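Peer 1: Build me a model from this:
(2 chains)
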2 protein chains.
Amino acid sequence: MTVFQVDFEPVGRRATIEEGKTLLEAAQSAGVGLVAPCGGKGNCGRCKIKLQSGTMNTPSKDEEAFLTSEELAEGWRLGCRSIPRSDVKVILPPESLTTTQRLQVEGQDLAISLNPAVHILDLELKAPDLQDLVSDTSRIRQAAAREGSKTLSFDSPVLEILSLLLRQNNWKVRLAVWEEQVIAAFPPGTALLGLAVDIGTTKVAAYLVDLETGETLAKAGAMNPQIGYGEDVVSRISYCNENINGREELQTRLIETLNTKTADLCRQAHVSRDQIVDSVFVGNTAMHHLFAGFPVRQLGESPYIAAVSEAVNLLARDLGLNLNSGARVYLPPNIAGFVGADHVSMVLASEIWKAEDRVLALDIGTNTEITLASAGKLFCCSTASGPAFEGAHIRDGMRAAPGAVEKIQFTGGDFCYQTIEGKKAVGICGSGILDAAAALLEAGLISRTGRFEKTHSRVQGDGKDKAFLLVAAEDTGHGRDIRVTRSDINEIQLAKGAIRAGTILLLQAAGMEIEDVDRVIIAGAFGTYLDIQSAIDIGMFLDLPAARFFQIGNAAGIGAKQMLLSTGRRREAETIANREDYIELSMHPGFTEAYMKAIYF
Amino acid sequence: MTVFQVDFEPVGRRATIEEGKTLLEAAQSAGVGLVAPCGGKGNCGRCKIKLQSGTMNTPSKDEEAFLTSEELAEGWRLGCRSIPRSDVKVILPPESLTTTQRLQVEGQDLAISLNPAVHILDLELKAPDLQDLVSDTSRIRQAAAREGSKTLSFDSPVLEILSLLLRQNNWKVRLAVWEEQVIAAFPPGTALLGLAVDIGTTKVAAYLVDLETGETLAKAGAMNPQIGYGEDVVSRISYCNENINGREELQTRLIETLNTKTADLCRQAHVSRDQIVDSVFVGNTAMHHLFAGFPVRQLGESPYIAAVSEAVNLLARDLGLNLNSGARVYLPPNIAGFVGADHVSMVLASEIWKAEDRVLALDIGTNTEITLASAGKLFCCSTASGPAFEGAHIRDGMRAAPGAVEKIQFTGGDFCYQTIEGKKAVGICGSGILDAAAALLEAGLISRTGRFEKTHSRVQGDGKDKAFLLVAAEDTGHGRDIRVTRSDINEIQLAKGAIRAGTILLLQAAGMEIEDVDRVIIAGAFGTYLDIQSAIDIGMFLDLPAARFFQIGNAAGIGAKQMLLSTGRRREAETIANREDYIELSMHPGFTEAYMKAIYF
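Peer 2: Numbering: from 1, shown residues only, chains lettered A, B, ... in the order given. Presented below is the predicted three-dimensional model:
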């Protein structure tokens, strides 16, 4: 059996394949996300790759249909039709990757210099005797002074355990010190850990980190349990306003989930929650307030004022978090009522705030927060993009889960789709909904105003019940048609219109043209999976070359980890929040016009 | 009816009496504590006074028996036999006062300059609008910066209520600020209060103070509920060692009592406990540790090490104290395992630490802590004086309560006694026990070794059952004899021996003779009521003129109040603790000898 090596660039992945297998199969075996909405049948033309070195089979008829002769001459091929005849190196353009290009933010975990807010102080003390009667704390202070800590104080929980610990460990001790205060004490050698959490309106992502090595020991995700009280921020604020103890209830539910997840993380990593001495939580302003127990009523009423915008240091025990009793909680600053610490954390992790080029960064969600970095200035806004991309308010919408249609393409006169994990379709998730609009537009089935225009075998029903049949009942997992309705298209229009309008107004504020944008950073879970080209096609994103777009994943979570490991990063987050020039769209004189214009395709 | 005015000096009290009444009656009506163990029958000779101006009746035969002709010529009289014939002014010598001279420590409450650790910041803010979107906390920080507070931060509980409070009070707010941190927020004009507590092993004294005016709004006393777990410090430490959660149990009981008393104080003063934003607690090292939740095991084992000696700042909410959720708790420093923050507080309030003369200050209790101030130096020790003066381990001992024999005197060949509130005798309290030893000694009934020597109608029984009949059954409130046994005398010997030995060793450390002591300060509840002369007579106190002794009452509590009202006082307490040169008696080479010598009368 002959095997060949395939090197995928620029992602830097290598696959070994048997002779006769396609590049698409090689990509699938290596976990490289090469797009293939048609499932590799050669009829969508999306899996374009470029041969850089080595030899492959002769281009097929299918490829000639999708590629120009210049492209073929340059080495462009379709992955599903390319069969290596030697070891090969191929280039994957951004538009051929399911997740396009990724900034290597995960890799930056270790790139930052470790300087955690809670640091280790290892001490070896002389035991007391009748000639040396100083108290346990004085003994520690004297030893610490010799190490350069002159003004050490003690948080109360550590004082409860310190005396016994010293005597059980032969007067050797490892202390966790936060701002010259001893907050926890351990037997020598115990690893000190930190918890970084991104509290999304929908999902929570938690990371357990070793504060000494910077290593991520475990990660876990969970649904935000507050979903049961309202899908979006506004409905949760209403719940709090309308129910006595409503706010406390939402806080308690969230803390419970965080405690459960923390226990999971500790089990995964074989550590004790008592070792967790520091934590960083990021979230939008409402999640931030609901987590910390701050009032939210004023967040829901014009002029939408945050109770707290500065960075705050809290005690885990005050919040009911089951970490070490002395553990600290750091919340980075919020910018405004609807631009929160999670956005600051994303701007921090992506480093766009110190970029020399002009960068647009978007956190797409029920609210979309946008920062435009230009010439050292930062402009930001928040725009109500609604829950369409979470699958809500969409007839057959669903969250990104197995069986969700995640990609749709109009190609070769028909529509093809791809589901998560290849399961039989049961609904459409955010990226599929976005693609649906783009594909219907490309097929000419809907007009610029979003109305169904042309007759087509898949467009069924009449008037406002008119809908596009995406998957017929017999092909679905639940035996019911999956359709895209006129109303669904409208929801997408409102969402993309809000995002575009916000983008345009930020450009105006910075005195920039669309073409001036050097990079567009797309963060967050939905941002990771959406099809950039579809988003450009429907006008949600600026019409710029796909190569300028970067999907960076959960940058807010990465930022939180960085702030756990570096006080420098915390100071930078505070600088970002201070430098962001917040533009309140609800009172912007140009907003209504920009929005009305942007909802058309 | 003719009435005369009587001025008592140096106490500065005035009484108005009908013609024919005695000076003793005048003193009683004016609440001046003129001693009268015989009840005013003219047969004890204790109520000596000196006429300074005005005229009185001719001296009686009784007076001629107790006063020399020189004394009579100088105007000395017995209060119970003196009947004014005009307005008079009389001098009460220290030995004629039940509580002798008092340092006016209570009066010093207002003498200190007010500079509480928690201070008031009143702000008037501009309401936010769409042109001014800064968060509530930033708005406060901006306003505070204009008042000079540049680095204001916020404790979490205040953030929970701040936004609503601002909106309900038209953007006017009163903030409680501790070390540049906002810890509580109130409607404008709300009085901010503090709580000062002296946690004694037996009794707890609490004061509610207005932080703005320095006024004491209410005071309350309570038994320390830990008595149920052990009468003294050592037995409570044993309880903690022997019972899982024993320490937590003792802490919880104490906190419950403190919460109940705080509620009482608030009811008395018609205020809310939410207004209490700061607190100072003093107690001996064991009480300090048990209150704060610090371990006590090592306090009970040689070398008796305090877990914590530095001053500590805690959060009331961490301790379960029902004050404002942001309220602070300040614990002044301890000096050693058996010289605690209460002694520091006493040294602070009495101001002996900056005295220019040489002063001995004693806190008499189950443990007696002594400081000797000499030439800017402070020497201190703790000595196990036992519970005899609390009435414990004494056959008919009891606490100072109505019906307790509080004074006993041998005079005119017989013994007379006085009970608290003049009720029928039911037992003997500390000061009575001390007097009993002195009286038996004076009567020659006991020897220097404490053995019953002479036969006397009141000395009954044989061998070690020999006892002195103080009150016969028919005269008591409960129908049983009240006796002083040989064993009782021994308990007193051990107690007074310990106190004297400690005193002598401190003098040695300072290179001083007994005569060099300019003042002796006696603090604490028992110290307030004991008879100085009896204590001198039995050798517990140094043989110095009575005028050098000052009974200053609950100076520890006064010190706690001062620390509540002045950060300067807190710094002074820390200076005192640092300057105290602690002498550990248990390892002092001269202690055993000094103690053995001191237990003889």
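Peer 1: Now A:Asp543: closest residue in space that isn't a chain neighbour?
Peer 2: A:Ile536 (5.7 Å; CB to CB, 6 or more residues apart in numbering or on different chains). Every C-beta, even on glycine, is put in place using the N, C-alpha and C of the backbone.
Peer 1: Please apply the same query to A:Pro387.
Peer 2: Using CB to CB, 6+ apart, the closest residue to A:Pro387 is A:Thr366 (5.0 Å).
Peer 1: That neighbour against A:Glu390, yeah?
Peer 2: Yes - with contacts defined as CB atoms under 8 Å, A:Thr366 counts as touching A:Glu390 at a distance of 6.4 Å.
Peer 1: quick one, which of the two is more surrounded?
Peer 2: A:Glu390 (26 against 23; other CB atoms under 10 Å in any protein chain shown).
Peer 1: tell me the pLDDT at that one?
Peer 2: The pLDDT attached to A:Glu390 in the predicted structure is 79.
Peer 1: isn't it right up against A:Arg399?
Peer 2: Yes - with contact defined as CB under 8 Å, A:Glu390 and A:Arg399 form a contacting pair (6.6 Å).
Peer 1: which element is A:Glu574 on?
Peer 2: Using DSSP states H and E, A:Glu574 maps to helix A:567-579.
Peer 1: Just name the shakiest helix or strand of chain A by mean pLDDT.
Peer 2: helix A:108-111 (a mean of 49; mean pLDDT, DSSP states H and E).
Peer 1: picking up where we left off before, now do the residue nearest to A:Asp543 against B:Gln298, distance only.
Peer 2: 70 Å (CB to CB, to the nearest Å).
Peer 1: What of A:Thr216?
Peer 2: 40 Å.
Peer 1: Settle it for me: which of these two has more neighbours?
Peer 2: A direct count of neighbours by other CB under 10 Å for A:Thr216 and B:Gln298 places B:Gln298 higher, at 23 against 17.
Peer 1: That one is in contact with A:Leu162, isn't it?
Peer 2: No - using CB under 8 Å, B:Gln298 is not in contact with A:Leu162; the gap is 10.3 Å.
Peer 1: A:Asn496 falls within a helix, correct?
Peer 2: Quick fix: residue A:496 is Lys, not Asn. Yes - applying DSSP: H, G, I helix; E, B strand; the rest coil, one finds A:Lys496 inside a helix.
Peer 1: what's the closest non-adjacent residue to it?
Peer 2: A:Met540 (3.6 Å).
Peer 1: Can you tell me the number of residues neighbouring A:Pro37?
Peer 2: 26.
Peer 1: element containing the nearest residue to it once chain neighbours are set aside?
Peer 2: Nearest non-adjacent residue to A:Pro37, counting by CB to CB, 6+ apart: A:Gln409, 4.1 Å away. Secondary structure assigned from DSSP H and E places A:Gln409 in strand A:404-411.
Peer 1: Can you list the strands that that strand pairs with?
Peer 2: strand A:414-419 (antiparallel), strand A:427-428 (parallel) (DSSP bridges).
Peer 1: Now the ones you listed in JSON lines, please, with extra columns for distance to B:Val484 and mean neighbour count.
Peer 2: Listed next are the strands paired with strand A:404-411 as JSON lines, based on distance: least, CB to CB, whole Å; neighbours: other CB atoms under 10 Å in any protein chain shown:
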{"stretch": "strand A:414-419", "distance to B:Val484": "98", "mean neighbour count": "21"}
{"stretch": "strand A:427-428", "distance to B:Val484": "94", "mean neighbour count": "27"}
